[in-house]
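>>> Give me a model of this one.
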Amino acid sequence: MATETHGAEEGGLVFHPMDQFIVKPLMGGDKIAFYTPTNAALWMALAVLCVVLLLVLGTRGRAIIPSRVQSIAELAYGFIYKMVEDVAGKDAMGFFPYVMTLFMFIVFANFLGLIPMSFTATAHFAVTVMLALLVFVTVTVVGFVKNGAKFLELFWVKSAPLALRPILAVIELISYFVRPVSHSIRLAGNVMAGHAVIKVFAGFAAVSLISPVSILAITAMYGLEVLVAFIQAYVFTILTCVYLKDALHPSH
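Okay, the predicted model is just below:
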């Protein structure tokens with residue numbers, strides 16, 4: 001989290017809510033290369049570890065009467081399986097492992113970021129853009145592999161009047177290439193904004209006159225962020241399913 005400085009030159013309170021998103025080397029220093037272990041890499045690795053512990057080790061026993069961990073894993077499995085089947089169709093079930101992995105990584109990264117003094121990897125555009133680009137490239141490749149040139153029918157609205165189709169094709173083409181941008185900004189922006197607001201309220205908690213109000217605000221925002229952590233993972237995943245559906249069934 002960011003550091004606060006009390007008793008600044010003006011005698012006021014100085015805090016930097018965006019400092020909590022600074023990527024820092026784990027071994028100290030201020031230079032970061034592609035091979036440098038950072039706090040971002042650490043918390044993403046912990047998110048992957050949590051996914052493995054839940055889905056692999058947590059279900060290793062495959063008990064008829066499941067444990068709590070196995071119940072959570074089965075609930076998550078059934079939830080995503082149903083989502084892929086309902087949104088993208090049964091012919092998209094081959095992509096279920098990818099969609100499941102995507103959801104679990106994002107949801108764990110979001111929840112780990114709510115731990116005090118942790119680092120929220122999904123608040124960084126570098127992370128969410130890569131996730132969105134992987135979805136975009138996967139969907140585009142699948143669309144052309146499965147449908148060939150017919151995939152371009154995604155941009156040709158046959159139900160519209162002929163005179164409007166070229167205009168709509170341009171709009172559809174632009175919206176298609178904007179997908180990775182909106183896909184990534186939605187996740188990172190919501191997570192970053194919530195954490196920044198919590199940090200602002202935490203800074204004001206040091207002021208005795210407004211401390212009780214600030215603590216109540218932090219509690220309310222924290223509860224909201226718990227909900228947002230799940231919702232944003234859900235939204236990112238369900239949009240991935242929608243894009244897969246477009247790739248498998250491009251005709252309007």
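>>> Where do the helices of the stretch 101-250 of the chain begin and end?
For the stretch 101-250 of the chain, the helices defined by DSSP state H, counting those that start in this stretch cover 125-147, 165-204, 211-248.
>>> Quick one: closest of those helices to residue 40.
Closest approach to residue 40 among those (C-beta to C-beta): helix 125-147, 7.3 Å. In short, each C-beta sits where N, CA and C put it, glycine included.
>>> who's in contact with the closest one?
If you take C-beta atoms under 8 Å, 6 or more residues apart in numbering as the criterion, helix 125-147 is touched by 40, 44, 95, 98, 102, 106, 109, 121-122, 151, 153-154, 179-181, 183-185, 187-188, 236, 240, 243-244, 246-248, 250.
>>> quick check: mean pLDDT across it?
The pLDDT scores in helix 125-147 average 94.
>>> Give me the angle between it and helix 165-204.
Here the directions of helix 125-147 and helix 165-204 differ by 150 degrees (axes from the mean of the first three to the mean of the last three C-alpha atoms, to 10 degrees).
>>> and the direction of helix 125-147 versus that of helix 211-248, what angle?
In terms of direction (the same axes, to 10 degrees), helix 125-147 departs from helix 211-248 by 20 degrees.
>>> So which bits of helix 125-147 are buried?
Within helix 125-147, the residues scored as buried using 16 or more other C-beta atoms under 10 Å are 125, 127-129, 131-132, 135-136, 138-140, 142-143, 147.
>>> coming back round to it: go through the helices of the stretch 101-250 of the chain and name the closest to residue 29.
helix 125-147 (19.7 Å).
>>> quick one: low-confidence parts of the stretch 101-250 of the chain?
206, 208-209 (pLDDT under 70).
>>> Now do the SS call for residue 23.
coil (DSSP: H, G, I helix; E, B strand; the rest coil).
>>> Measure how buried it is and give me the count.
Neighbour count for residue 23, taken as other C-beta atoms under 10 Å: 14.
>>> Surely it is in contact with residue 38?
Yes: between residue 23 and residue 38 there is a contact at 5.1 Å, judged by C-beta atoms under 8 Å.
>>> Give the residues shared as contacts by the two.
residue 32.
>>> Buried among the contacts of helix 125-147? Need that as a selection in ChimeraX.
Entered in ChimeraX, the line below selects the buried ones among those, by 16+ other C-beta under 10 Å:
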select :40,44,95,102,106,109,121,122,151,154,179,180,183,184,187,188,236,240,243,244,246,247,248,250
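>>> Just put the helices of the stretch 101-250 of the chain in CSV and tack on distance to residue 72.
Below are the helices of the stretch 101-250 of the chain laid out as CSV (distance: least, C-beta to C-beta, whole Å):
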stretch, distance to residue 72
helix 125-147, 23
helix 165-204, 22
helix 211-248, 13
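>>> Dump the buried residues of helix 125-147 into CSV; add distance to residue 202 as well.
What follows is the buried residues of helix 125-147, written out as CSV (distance: C-beta to C-beta, whole Å):
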residue, distance to residue 202
125, 24
127, 24
128, 24
129, 28
131, 28
132, 30
135, 34
136, 36
138, 39
139, 40
140, 43
142, 44
143, 46
147, 51
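>>> of all the residues you listed, which comes closest to residue 204?
Nearest to residue 204 among the buried residues of helix 125-147, counting by C-beta to C-beta, is residue 125 at 27.5 Å.
>>> For that closest one, give its distance to residue 78.
Between residue 125 and residue 78 the distance, using C-beta to C-beta, to the nearest Å, works out to 32 Å.
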